[in-house]
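*Asks:* Quick one: sequence and predicted model below, then my questions.
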Amino acid sequence: MKIIKAEVIVCAPGRNFVTIKIETDQGIYGLGDATLNGRELAVATYLEKHLIPCLIGRDPFDSEDIWHYFYRGVYWRRGAVNMTAIGAIDMALWDIKGKALDVPVYKLLGGKSRQKLMAYTHAQGRDMEETIDKVAEKVAQGYQAVRVQSGVPGMKDIYGISNDKKSYEPAIIGQKPIEESWNTSKYLNYIPKLFSKVRETFSDDLHLLHDAHHRLTPIEAARLGKELEPFNLFWLEDTIPAELQEGFKLLRQHTSTPLAVGEIFNTIYDCQDLITNQLIDYIRMTIAHGGGITPMLKIASLAGLYHIKTGCHGPSDLSPINLAACLHFGTAINNFGIQEYMGYADLTMEVFKFSHDFKNGFFTMSEAPGLGIDMDFEKAKKHQYKQAYLPVNRLEDGTLHSW
Ligand code: EZ4
Ligand code: CO
């Protein structure tokens, strides 16, 4: 089997997405998600100008060699743009392999390690009351795990909360990013009160998660982790900037709240120390940004040695193709933890045809060959890309902070 053509599809059904479609001489094509929120065209151009020409003529079954060809072979390594491009190709190759053999991809990765996959969703409100209502809504929908984010008294905007009643979408259409502001002390004073109320309102069995979005120093994160201990979180995510790996040592010594990190990592080298020193409990890397299914299997194996589980990033700013790939991966590995699932805009689901079932907070896999995902290419064309950026974040005195 040979790759004869590959194209990049940039479209915006609901929001911007980048997709690679790889075609073979046997009429089978594979799809991969290459979306990097706010930097979409960099990945699209990298794929079109530099990677696709080298793919033509290759056997899609040689996914391991193709992966190393694009990782080691180019001399320049790592980086979000590079790894997202490689990840999209790898996903599409596994999709082709599954379709060629007429099996779902998970059967090629190790088979069924579980019958269903637990997902967590997001509940967010502008204040405590609205947040509690939103959690109740998600519980009523059957979710057993909910990420709780809330507006903080005295703060204008905060990560995870939309100021209108619409669902949360951080990327704003425009020629440059909007600016938000942040006050760590107000946040730290409020969050334990919020979780106290949430835990009091809902059963002890409800899994609660929270995302600090890289905004704390190690000692601030230590205080938060410690104060949240009585409320028994499933995980506390991205407390300190993810690249500050030494900081996790300090944080870990202070709290037994489980820690999750990794949505912005892109290679095994970003999480190797955190895993081997047992400084985290969940690795949040996702298939698209982690360089594909091929390297993610290796990361899961390393994590498995230390009983660290996966919790793949699954925002609505990655396409349902990435979600499908995460689910195949999560089905096949032993140390699956949980899958993030925010849901998608209706328009997104009109373009991306998703075959896996979702009910009461759990995914079950379809038996469709490959990734079990397809695209309406004609419809996709109708929704044109519009430049959009994630916000930047400043402290109240104007200092640039992590968003
Ligand atoms: O802010 O995907 O856990 N989820 C997250 C996400 C990220 C966005 C950035 O594009 O932190 O919502
Ligand atoms: Co996050």
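*Replies:* Done, it's in. Ligands and ions are numbered 1, 2, ... in the order given.
*Asks:* Tell me the secondary structure at the closest residue to I264 other than its chain neighbours.
*Replies:* Nearest non-adjacent residue to I264, counting by C-beta to C-beta, 6 or more residues apart in numbering: A242, 5.4 Å away. Glycine gets a C-beta too; all of them are placed from N, C-alpha and C. Following DSSP: H, G, I helix; E, B strand; the rest coil, we place A242 in the coil state.
*Asks:* Please save the CA atoms from the longest helix along the chain in CSV.
*Replies:* Ranked by number of residues, the top helix in the chain under DSSP state H is helix 80-101. The C-alpha trace of helix 80-101 is given here as CSV (Å, rounded to 0.1, in the frame of the first residue of the first chain):
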residue,chain,number,x,y,z
ALA,A,80,4.2,22.3,19.7
VAL,A,81,4.0,23.1,16.0
ASN,A,82,6.3,20.3,14.9
MET,A,83,4.8,17.7,17.2
THR,A,84,1.2,18.6,16.3
ALA,A,85,2.0,18.1,12.6
ILE,A,86,3.7,14.7,13.3
GLY,A,87,0.8,13.8,15.6
ALA,A,88,-1.7,14.4,12.9
ILE,A,89,0.1,12.3,10.4
ASP,A,90,0.5,9.4,12.9
MET,A,91,-3.2,9.5,13.7
ALA,A,92,-4.1,9.3,10.1
LEU,A,93,-1.7,6.4,9.5
TRP,A,94,-3.4,4.4,12.3
ASP,A,95,-6.7,5.3,10.8
ILE,A,96,-5.6,3.9,7.4
LYS,A,97,-4.2,0.7,9.0
GLY,A,98,-7.5,0.0,10.8
LYS,A,99,-9.5,0.6,7.7
ALA,A,100,-7.2,-1.5,5.6
LEU,A,101,-7.5,-4.4,8.0
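*Asks:* is that helix anywhere near ligand 1?
*Replies:* No. Helix 80-101 is not in contact with ligand 1 by C-beta under 6 Å from any ligand atom; minimum separation 10.9 Å.
*Asks:* Tell me the buried residues in the very next helix or strand once past that helix?
*Replies:* The helix or strand immediately downstream of helix 80-101 is helix 106-109, counting by DSSP states H and E. Judged by neighbour count (16 or more other C-beta atoms under 10 Å), helix 106-109 contains these buried residues: 106-109.
*Asks:* May I have helix 106-109 as PDB, with CA atoms only?
*Replies:* Output of helix 106-109 as PDB, limited to C-alpha atoms (Å, rounded to 0.1, in the frame of the first residue of the first chain):
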ATOM      1  CA  TYR A 106      -7.800  -0.100  19.500                       C
ATOM      2  CA  LYS A 107      -7.600  -3.800  18.300                       C
ATOM      3  CA  LEU A 108      -4.200  -3.000  16.800                       C
ATOM      4  CA  LEU A 109      -3.000  -1.300  20.000                       C
END
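*Asks:* who are the neighbours in contact with the closest residue to ligand 2 within the chain?
*Replies:* Here the chain gets closest to ligand 2 at one residue, D211, 4.3 Å apart by C-beta to the ion. Listed by C-beta atoms under 8 Å, 6 or more residues apart in numbering, the contact set of D211 reads 147, 149, 159-160, 237-238.
*Asks:* before we move on, what about S181?
*Replies:* So, once contact is read as C-beta under 8 Å, 6+ apart, S181 ends up touching 155-157, 393-396.
*Asks:* go with 7 Å
*Replies:* By C-beta atoms under 7 Å, 6 or more residues apart in numbering, the residues touching S181 are 156-157, 394, 396.
*Asks:* Name the member of those with the most neighbours.
*Replies:* Neighbour tally across the contacts of S181 (other C-beta atoms under 10 Å): the maximum, 17 neighbours, falls on D157.
*Asks:* Just read off the phi/psi values of that residue.
*Replies:* phi -130, psi 160 (degrees, to the nearest 10).
*Asks:* got TSV for the buried residues of helix 106-109, with pLDDT too?
*Replies:* As requested, these are exported to TSV (pLDDT from 0 to 100):
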residue	pLDDT
Y106	99
K107	98
L108	98
L109	98
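*Asks:* S256: which of the contacts of D211 is nearest?
*Replies:* E237 (15.8 Å; C-beta to C-beta).
*Asks:* wait, isn't that closest one in contact with G262?
*Replies:* No. E237 sits out of contact with G262 when judged by C-beta atoms under 7 Å, with a separation of 9.2 Å.
*Asks:* Between those two, point out the one with more neighbours.
*Replies:* Neighbours per residue (other C-beta under 10 Å) separate E237 from G262, with G262 holding more: 27 against 24.
*Asks:* What sits closest to the more buried one if chain neighbours are left out?
*Replies:* Using C-beta to C-beta, 6+ apart, the nearest residue to G262 is R284, at 3.8 Å.
*Asks:* List the residues that contact that neighbour.
*Replies:* Contacts of R284 by C-beta under 7 Å, 6+ apart are 237, 260-263, 311-313.
*Asks:* Could you pull out the strands in the stretch 201-350 of the chain for me?
*Replies:* Taking DSSP state E, counting those that start in this stretch as the test, the strands found in the stretch 201-350 of the chain are 207-211, 235-237, 259-261, 282-283, 309-312, 336-340.
*Asks:* before we move on, the earlier item: per-residue confidence for the residue nearest to G262?
*Replies:* R284 carries a pLDDT value of 98.
*Asks:* Over to F354?
*Replies:* pLDDT, F354: 97.
*Asks:* Now do it against M285, distance only.
*Replies:* 22 Å (C-beta to C-beta, to the nearest Å).
*Asks:* Same drill for these two, tell me which one is more crowded.
*Replies:* Per other C-beta under 10 Å, whichever of F354 and M285 has more neighbours is M285, with 29 against 21.
*Asks:* Any residues of this structure in contact with ligand 2? List them.
*Replies:* Proximity of the chain to ligand 2 is confined to 211, 263 under the rule C-beta under 5 Å from the ion.
*Asks:* how is the chain carved up into domains?
*Replies:* 3-104, 108-367 (automatic domain parsing).
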